[in-house]
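**Student:** With the sequence up front, the predicted model follows.
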Amino acid sequence: MFKIGVLVSGGGTNLQAIIDSINTGVIKNAKIETVVSNKEEAFALVRAKNNNIDTKVIKIKDFENKELYENALIDYLKSKELDLIVLAGFMVILSENFVNNFKNKIINIHPSLIPAFSGAGYYGLKVHQGVLARGCKITGATVHFVTEEADGGPIIIQKEVFVKDDDTDESLQKRVMEEAEWKILPQAINLILNKEIEIVNNVVRRIC
Ligand code: GAR
């Protein structure tokens, strides 16, 4: 059984997409071992509990500094012996030390076509605000491996979404989730679980 840990901070619709994909057999032979949040009010935790998934809250403010917080998170995740860690709306930028503890085992979903509207300062609604302010006609979502560079790791899958003239930040966010994020995140997990991809020179390639 392929063991997944999901890190969340908010509503958890991407977590839900993974849960649904496992329940419907789109993702096979996998189990969400734990859902970890840095916020105890995250609705994602309710989604996990409703599906009998183990949850854990580890808050930055309970530690003297970010390094100690990350150490606690690393220890907890290691104790779960995970095959993959999925950042699904996890709004904490992780250090090089954290990433090196789980080399090529962390993926993230980002609500734009990276490298556009990515990196420090671009998260959640801010991404869609940037897209609309620039007048982009196409946006989308990206699943990528996580490295020490924010949103800079090898890209696994991208999917485009067309911007409408009357889109608001919220309507665009909703469509990017529905049309792209909830589809490509389970697909990316399957590519890894089924060992269909490898990383060559920082680029993801299909294994033929
Ligand atoms: C999603 O749109 C996700 O792509 C984004 O936050 C939202 C979380 O929603 N992540 C980032 O912006 C990371 N830089 P969810 O909690 O409903 O899955």
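**Tutor:** It's in. Keep in mind that what you see is a predicted model, and the values were worked out from it rather than measured.

**Student:** okay, CA-based contacts and neighbour counts for the rest of this
**Tutor:** Fine.

**Student:** is it true that G153 lies in a strand?
**Tutor:** No. Counting by DSSP: H, G, I helix; E, B strand; the rest coil, G153 is not found in a strand; it is coil.

**Student:** That one and N201 touch, don't they?
**Tutor:** No. With contact defined as Cα atoms under 8 Å, G153 does not reach N201; the gap is 11.1 Å.

**Student:** who's more crowded, those two?
**Tutor:** Set G153 next to N201 and count neighbours by other Cα atoms under 10 Å: G153 wins out with 21 against 8.

**Student:** avg pLDDT for the longest helix seen in the chain?
**Tutor:** The single longest helix within the chain, with elements called by DSSP state H, is helix 66-79. Across helix 66-79, pLDDT averages out at 98.

**Student:** and it, what does it pack onto?
**Tutor:** Other helices and strands packing on helix 66-79, by 3 or more Cα pairs under 8 Å, 6 or more residues apart in numbering; DSSP states H and E, are helix 96-100.

**Student:** Report the buried residues of the helix it packs on.
**Tutor:** 98-99 (16 or more other Cα atoms under 10 Å).

**Student:** ok, back up a step: pull the CA atoms of the longest helix of the chain into PDB?
**Tutor:** Presented in PDB, the C-alpha positions along helix 66-79 are these (Å, rounded to 0.1, in the frame of the first residue of the first chain):
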ATOM      1  CA  LYS A  66      10.500  27.900  12.300                       C
ATOM      2  CA  GLU A  67      13.400  25.500  12.400                       C
ATOM      3  CA  LEU A  68      12.000  23.800  15.600                       C
ATOM      4  CA  TYR A  69       8.500  23.800  14.000                       C
ATOM      5  CA  GLU A  70       9.900  22.100  10.900                       C
ATOM      6  CA  ASN A  71      11.800  19.600  13.000                       C
ATOM      7  CA  ALA A  72       8.600  18.600  14.700                       C
ATOM      8  CA  LEU A  73       6.900  18.200  11.400                       C
ATOM      9  CA  ILE A  74       9.800  16.200  10.000                       C
ATOM     10  CA  ASP A  75       9.800  13.800  13.000                       C
ATOM     11  CA  TYR A  76       6.000  13.300  12.800                       C
ATOM     12  CA  LEU A  77       6.000  12.700   9.000                       C
ATOM     13  CA  LYS A  78       9.000  10.300   9.300                       C
ATOM     14  CA  SER A  79       7.200   8.300  12.000                       C
END
